[in-house]
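Participant: sharing a sequence plus its predicted fold:
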Amino acid sequence: MMKNTKNNILESALRLFNEAGVAQVSLRTIATDMEISLGNLTYHFKKREEIIDALYLQLVEKLDQAIQGEINQSNHLQLLFELPSVCLISFYEYRFLMLDFVYINRNHAMIRGHYSKLLEDRAVQFHHIVQELISGQLIREEIIENEYLYLFRNLRIVSDFWLSATMIDKDNKLMKKDIAEGAHQLRSMIFPYLTAKGRDILGEFSKP
C-alpha cells in the first residue's frame, strides 16, 4: 500500500509538473490533486525536491532500458539513427525536466552531479559507436580535431533543449506528434558524416 501511494504521488506530480511547470506546483498542489492530506504526502516525500529527484531518476532508468534495448537489437549505424526518437519520446514523457532543466540543475545538487557523470558515460558510449562505424567505413574519418566530440556535444545540446525551443516556436502548444520533427532534425546532424557505404546501408534498413 505504501509503495502504491508513493508511486501515485510520483504519477500525479509528473502530470502536474508537465501541465504547469515546476514553479506552479507545490507539495500542497499535489496533495490537493490526489485528495490526500499534506501530512500523508510528506510522510513519503518531505520536500518537493525529493519528488523531482525521483522523477529524474525514473527518466534516466527509462532511457537506459530503451538504449540498452536498441543496442541489443540494432547494428551501430541503425542505433545511431534510432536513438533520437528513443530519447525525445522519453524526454516528452518527462518534459517538465527538460523545459525547466536549467532551474532544476541549479537547485538540485543530486541531479547536477548525476547528470555530469551521465554525460561522461554517454560520451564514452558515443565514442565507441563512432570508432566502430569508422572502422566499418560507414562514417568518415575526422577532418578536424575532436570533430566527433563536437558532434556529440551538439547532439546533446539540441536534444536537451529541443523541447524548450519547440514550445517557444509553437506558442506553448507542444504535442507528442512533434517528436518526429525533432528526431529528424537530430538525424540530419549525423547524415553528413556518412560515407557512400553508410548511406546505402542506412537506406536499406530505412525502407518500409
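Facilitator: Looks like it came in fine.

Participant: stretch 75-87: which residues count as buried?
Facilitator: 76-87 (16 or more other Cβ atoms under 10 Å). Quick note: C-beta positions are derived from backbone N, CA and C, even for glycine.

Participant: just the CA atoms of it, as PDB, please.
Facilitator: Output of stretch 75-87 as PDB, limited to C-alpha atoms (Å, rounded to 0.1, in the frame of the first residue of the first chain):
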ATOM      1  CA  ASN A  75      23.700  -2.500 -35.600                       C
ATOM      2  CA  HIS A  76      25.700   0.600 -34.600                       C
ATOM      3  CA  LEU A  77      24.600   2.600 -37.600                       C
ATOM      4  CA  GLN A  78      20.900   1.800 -37.000                       C
ATOM      5  CA  LEU A  79      21.300   2.600 -33.300                       C
ATOM      6  CA  LEU A  80      22.800   6.000 -34.100                       C
ATOM      7  CA  PHE A  81      19.800   6.900 -36.200                       C
ATOM      8  CA  GLU A  82      17.100   5.400 -33.900                       C
ATOM      9  CA  LEU A  83      18.400   7.000 -30.700                       C
ATOM     10  CA  PRO A  84      17.000  10.500 -31.400                       C
ATOM     11  CA  SER A  85      13.400   9.100 -31.400                       C
ATOM     12  CA  VAL A  86      14.100   7.000 -28.300                       C
ATOM     13  CA  CYS A  87      15.500   9.900 -26.400                       C
END
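
Participant: contacts for it?
Facilitator: 63, 66-67, 70-71, 74, 129, 132-133, 136, 138, 155, 159, 179-180, 182-183, 186-187, 190, 198, 201-202, 205-206 (Cβ atoms under 8 Å, 6 or more residues apart in numbering).

Participant: name only those of these that count as buried.
Facilitator: 63, 66-67, 70, 129, 132-133, 138, 155, 159, 179, 182-183, 186-187, 190, 198, 201-202.

Participant: all the helices of this structure, in order from the start?
Facilitator: Counting by DSSP state H, the chain has helices at residues 2-20, 27-34, 38-44, 48-73, 76-93, 95-99, 101-107, 109-135, 147-169, 179-190, 196-206.

Participant: just name the most buried of the ones you listed.
Facilitator: Stretch with highest mean neighbour count among these: helix 95-99 (a mean of 22; mean count of other Cβ atoms under 10 Å).

Participant: CA atoms of that one as PDB?
Facilitator: The C-alpha trace of helix 95-99 is given here as PDB (Å, rounded to 0.1, in the frame of the first residue of the first chain):
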ATOM      1  CA  ARG A  95       9.000  17.100 -20.400                       C
ATOM      2  CA  PHE A  96       8.900  19.400 -17.300                       C
ATOM      3  CA  LEU A  97      12.500  18.200 -16.500                       C
ATOM      4  CA  MET A  98      13.700  19.400 -19.900                       C
ATOM      5  CA  LEU A  99      11.600  22.600 -20.000                       C
END
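
Participant: that one: how far from the chain's middle?
Facilitator: Its chain's C-alpha centre and that of helix 95-99 lie 9 Å apart, by Cα atoms, centre = their mean, to the nearest Å.

Participant: and what of stretch 42-49?
Facilitator: 25 Å.

Participant: Gln185 touches Ser159, doesn't it?
Facilitator: No. Look at Gln185 against Ser159 with Cβ atoms under 8 Å: they stay out of range, at 9.4 Å.
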